[in-house]
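**Student:** predicted structure and sequence below. I'll ask about it afterward.
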Amino acid sequence: MTFRRTAFIIFALLAVANYFPLITGLVPFPAHLLSPFPAWGGSSKWPPIPEIGDLITSFYPFHAFAARAVRDGSFPLWNPHILAGAPFLANAQSALFYPPNFLYYVLPVSMAWAACLLIRMFACALFMTLFVRSIGATKTGAIFSGIVYSSCGFMTTWQGQALGDAVIWLPLICYSLVRLRAAPSRRNIVLTAVSFAMPILAGHPETTAHSALVGCAFAGVLWARDRKFPVYFAASGVLAVGLGAVQIIPTAEWLRQLGNQFEVPWPTLEIHQAQGLFSRDILSSPNSAGISVPEGAAYLGMLTLLAASLAPLHRARRYVVFLIVVSAVALMIAYTIPPVSWVVMHTPYLKSMKNGRFIFVASFAIAAMAGLGISILQERETALIGRKRKYAWALTGVAFAVVLGAISRLQLATQVHAPLMRRPLFSVVLLCVAMAILAWSLYRPIKERVFSVLVLSFVILDMVTFSYGFTGFSLRRSIYAAAPVFDFLDKNADASRYRVVQVGNAYSANVAMMYGFASADGYEVCLERPRLFASGLGQERQDGIFLLADSIIGAADRRLDMLNVKYVVAPAGGPEFQTLAAHPDRFRTVFGDGHVSVFENTRMLPRAFLVHASEAEIITAPDAELNRLRDPSFDPERTVLLSEPLPKRDYGDSGLPSTRDDVVIEEAGANGYRFRVQTSAESLLVVSQIYYPGWSATLSGERVPVVAANFAMTGIPVPAGVHEVRLVFDPASFKIGLAITILAILMAGALTAVAGPQL
């Protein structure tokens, strides 16, 4: 059986072992995270579960929304369901152009979700194996590394998220660079470009930057004494940027709209979190030893840590030195160890990233070193000659002592009993068995096949018992199951005309994407305009808009009304419910099921309405404009705030005359609206839609300007008369990025088709 076929079979079995319940129809999705919310009849009491709520608030809903939009015939550049409207493609985590995510456009969402998890684990293991094999590992050593990296703590706890999708490409980046250095062909330039572009499309700019830094550092190592290599590397880099331009350019525009969020340093992990390298407990956060999950999860397996100590004896000295340095630097960054951590915390842009996630770089490097260590044992008759055998005994002995000591400290830190195979004691058992395998191999030769079966079986047992079922498995019908409150909203909250908000954690954030209504709140990195607009109405956070009943009542202005909020959902009988119920003149109870109640906002403003241009107030200073919005005397139905005067325009024939003001929404979709507007005088059509670059409007077929109204809303000037107005999200950033990406794909195709001789 060939090496590739063997690797394929092993990795397929590994993926099946981790997701075996798929055969019975279950889905690897944490539907149990929804059950504590009142909307589904829960009590809002949360056990100390792992912090993987982004799966239910962001990633699964994002995929479901994108799939629904594509099947309805529109490509979702804009998300009308959260935050009173937000960019969708530009928010990189939507990952609309990531190739594996195309499955969502043709398969049921739950089936595509499961398939993508299987593909991710298989591809991660395969890429790691190719890289470690390319730097001199044996077949067994390379497969060992693939098993470890694809099911290590980082990969396991970030599964299903864009972060986890992005990091699987680091091994392929390094593998493609080895190939490019050894055989600088056109096809290898394309392979390198694709490997660098995939993390961009996977949807996590932060991890993409980390992977690119490691890739560039590795390219620097390969550069030695090869003057042409930098040229080939630069060519692949340009092509990679072109392939990712469809995501890069819209995301760059989005980042500029976030304000100063990148000036504040993001804290890394405390040194105590390094015990995650030895802890198998990932079932709670913090876990039994006080380690945060997923942030601190970093388990690599006991045999991995021992075998990695042998890597310095491998003949691939240059690669080993690189891996040692990279792992040391990554650990120093992740766990706030000076001086490297100090440099990072004082480097612009890099300091604002979640650099604790450099754990994945250390996991990659240690897994690769372990593969080289296994290779040395497999080739002991030629690799461990003379003093090297004594060094091998010394290195494994020291590694055993260090790991055993670390597990002892982990045991001392453990305050809560975990399941048997999650306890430090079980790690000690695995460590002793791993040491016995190494000692046996060092003491006397083991037949190659026996050694391979023994080592691979042990590491699979270690890693699968660690990673299996982390997210839990759910019945399809339990994934965003039906609930009376959502049935009510489905019948009464037309997403094109009304919005909904929740107070008191009535349901999970962003649930509107799953149930089809529109929300003015939500959990996502928030644009500066809506964040400032909603300031004072709820929690002051950078990662979304979360309203509070006390703040809404206390504000006494009409910003909630301007957000087109018709319904407010609150847990029944709780303090938020009591606050709203105490103001029946503004909030009228229209639904209750014993778990949640729905209040109707009697002062809601429509999704789109007209204000005569003569009533506009020009306020150029943003702070002054916000203060005016917060003034209880400000009446948005009679006055509109602008940061600059409306442009003078000759509208020509203004259409049929009208003696009244009226707006009818005739069509609404993910990317825009079509209105029928009647106005008796020149007016501004104010749309309760967050203002953002890329919105364009036509009036009876002619292009008209789109302006920011009331600081965060969208305004369209219209003359007197009856008109058809179209408002469409059609950003130039997307069109430019798409054109560049198509050109890059054609170029990559041409280079691949015409392989030619080695460069």
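**Tutor:** Ah, there it is.

**Student:** what residues sit buried inside the host helix or strand of F131?
**Tutor:** Element membership of F131, judged by DSSP states H and E, is helix 109-134. Residues of helix 109-134 classed as buried: 109-110, 112-134 (neighbour count, 16 or more other Cβ atoms under 10 Å). (C-beta placed from N, C-alpha, C; glycine too.)

**Student:** what do you get for stretch 424-431?
**Tutor:** 424, 426-428, 430-431.

**Student:** the closest residue to P87 other than its chain neighbours: what's it in contact with?
**Tutor:** Leaving out its chain neighbours, the residue that sits closest to P87 by Cβ to Cβ, 6 or more residues apart in numbering is W254, at 5.3 Å. Going by Cβ atoms under 8 Å, 6 or more residues apart in numbering, W254 touches 87, 90-92, 527.

**Student:** now F233
**Tutor:** Contacts for F233 (Cβ under 8 Å, 6+ apart) come out as 177, 180, 192, 219, 223.

**Student:** okay, and it sits in which element?
**Tutor:** Short version, using DSSP H and E: F233 is in helix 229-256.

**Student:** and the next helix or strand past that helix?
**Tutor:** Counting by DSSP H and E, the next helix or strand C-terminal to helix 229-256 is helix 302-308.

**Student:** now M353. Nearest residue, chain neighbours left out?
**Tutor:** M353 sits nearest to E206 (Cβ to Cβ, 6+ apart), 4.8 Å away.

**Student:** what is the burial count for that neighbour?
**Tutor:** Using other Cβ atoms under 10 Å, E206 has 18 neighbouring residues.

**Student:** backbone dihedrals for it, please?
**Tutor:** Reported as degrees, to the nearest 10, the phi and psi values for E206 are phi -60, psi -50.

**Student:** of all the contacts of W254, which two lie farthest apart?
**Tutor:** Within the contacts of W254, A92 and L527 form the most distant pair, 14.3 Å apart (Cβ to Cβ).

**Student:** now do stretch 562-575: distance to the chain's middle.
**Tutor:** Mean-position distance between stretch 562-575 and its chain equals 29 Å (Cα atoms, centre = their mean, to the nearest Å).

**Student:** stretch 102-115 now?
**Tutor:** The answer for stretch 102-115 is 17 Å, by Cα atoms, centre = their mean.

**Student:** next: stretch 666-676.
**Tutor:** Computed by Cα atoms, centre = their mean, the chain-centroid distance of stretch 666-676 equals 29 Å.

**Student:** got a list of contacts for that stretch?
**Tutor:** Identification of contacts with stretch 666-676 by Cβ under 8 Å, 6+ apart yields 69, 72, 74-80, 88, 495-496, 608, 663-665, 685, 687, 689, 722-730.

**Student:** can you rerun that using 7 Å?
**Tutor:** Stretch 666-676 is contacted from outside by 69, 74, 76-78, 80, 496, 608, 663-665, 685, 724-729, using Cβ atoms under 7 Å, 6 or more residues apart in numbering.

**Student:** low-confidence ranges, the stretch 651-759 of the chain, go.
**Tutor:** Counting by pLDDT under 70, the stretch 651-759 of the chain contains low-confidence ranges at 651-656, 658-659, 755-759.

**Student:** need the strands for it, in chain order.
**Tutor:** Here the stretch 651-759 of the chain has its strands, by DSSP state E, counting those that start in this stretch, at 662-669, 672-679, 683-687, 695-699, 702-704, 707-709, 713-718, 721-729.

**Student:** how about those strands in CSV, adding distance to S236 and mean neighbour count?
**Tutor:** Converted to CSV, the strands of the stretch 651-759 of the chain look like this (distance: least, Cβ to Cβ, whole Å; neighbours: other Cβ atoms under 10 Å):
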stretch, distance to S236, mean neighbour count
strand 662-669, 39, 15
strand 672-679, 38, 21
strand 683-687, 44, 26
strand 695-699, 36, 20
strand 702-704, 40, 14
strand 707-709, 41, 22
strand 713-718, 41, 25
strand 721-729, 33, 20
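
**Student:** test my guess that the residue nearest to M353 contacts S352.
**Tutor:** No. Assessed by Cβ atoms under 7 Å, E206 is found out of contact with S352, at 9.2 Å.

**Student:** could you check how far the residue nearest to M353 is from P30?
**Tutor:** Applying Cβ to Cβ, to the nearest Å, the value for E206 to P30 is 23 Å.

**Student:** same question, F322
**Tutor:** 37 Å.

**Student:** per-domain residue ranges of the chain.
**Tutor:** Here the domain parsing of the chain from automatic domain parsing is 89-467, 478-601, 608-731.

**Student:** need the ones you listed in CSV with distance to P48, can you?
**Tutor:** Converted to CSV, the domains of the chain look like this (distance: least, Cβ to Cβ, whole Å):
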stretch, distance to P48
domain 89-467, 4
domain 478-601, 17
domain 608-731, 36
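
**Student:** helix or strand next in line after the lowest-mean-pLDDT helix or strand in the chain, which one?
**Tutor:** Lowest on mean pLDDT, DSSP states H and E among the helices and strands of the chain sits helix 380-383, with a mean of 70. For helix 380-383, the succeeding helix or strand toward the C-terminus, using DSSP H and E, is helix 387-413.

**Student:** give the buried residues for that next one.
**Tutor:** 392, 395-396, 399-400, 403-404, 406-407, 410, 413.

**Student:** do the same with stretch 538-558
**Tutor:** By neighbour count on 16+ other Cβ under 10 Å, the buried set for stretch 538-558 is 538, 544-549, 551-552, 555, 557-558.

**Student:** now secondary structure and pLDDT too, for these, in JSON lines please.
**Tutor:** Conversion of the buried residues of stretch 538-558 to JSON lines gives the following (DSSP: H, G, I helix; E, B strand; the rest coil; pLDDT from 0 to 100):
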{"residue": "G538", "secondary structure": "strand", "pLDDT": "93"}
{"residue": "G544", "secondary structure": "strand", "pLDDT": "93"}
{"residue": "I545", "secondary structure": "strand", "pLDDT": "95"}
{"residue": "F546", "secondary structure": "strand", "pLDDT": "96"}
{"residue": "L547", "secondary structure": "strand", "pLDDT": "96"}
{"residue": "L548", "secondary structure": "coil", "pLDDT": "96"}
{"residue": "A549", "secondary structure": "helix", "pLDDT": "96"}
{"residue": "S551", "secondary structure": "helix", "pLDDT": "96"}
{"residue": "I552", "secondary structure": "helix", "pLDDT": "95"}
{"residue": "A555", "secondary structure": "helix", "pLDDT": "92"}
{"residue": "D557", "secondary structure": "coil", "pLDDT": "95"}
{"residue": "R558", "secondary structure": "coil", "pLDDT": "96"}
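
**Student:** just name the closest of those residues to W266, please.
**Tutor:** Minimum distance to W266 across the buried residues of stretch 538-558 is 16.9 Å, recorded for G544 (Cβ to Cβ).

**Student:** quick one: the residue nearest to P87 from G85, how far?
**Tutor:** For W254, the distance to G85 (Cβ to Cβ) stands at 13 Å.

**Student:** same thing with L283?
**Tutor:** Taking Cβ to Cβ, one finds L283 at 38 Å from G85.

**Student:** ok, the two, which is more surrounded?
**Tutor:** G85 (26 against 18).

**Student:** quick check: L727 touching V686?
**Tutor:** No. Using Cβ under 7 Å, L727 is not in contact with V686; the gap is 11.4 Å.

**Student:** next, show the common contact partners of those two.
**Tutor:** Residues touching both L727 and V686 (Cβ under 7 Å, 6+ apart): none.

**Student:** show me the contacts for the residue most central in space within the chain.
**Tutor:** The residue lying closest to the centre of the chain (Cα atoms, centre = their mean) is A162, at 3.6 Å. Residues near A162 by Cβ under 7 Å, 6+ apart: 59, 93, 95, 202-204.

**Student:** just these now: which is nearest H210?
**Tutor:** The closest of these to H210 turns out to be H204 (Cβ to Cβ; 9.3 Å).

**Student:** mind listing what the closest one touches?
**Tutor:** Going by Cβ under 7 Å, 6+ apart, H204 touches 92-93, 162-163, 166.

**Student:** and the two most separated of these?
**Tutor:** The span of the contacts of H204, defined through Cβ to Cβ, is set by A92 and L163 at 11.0 Å.
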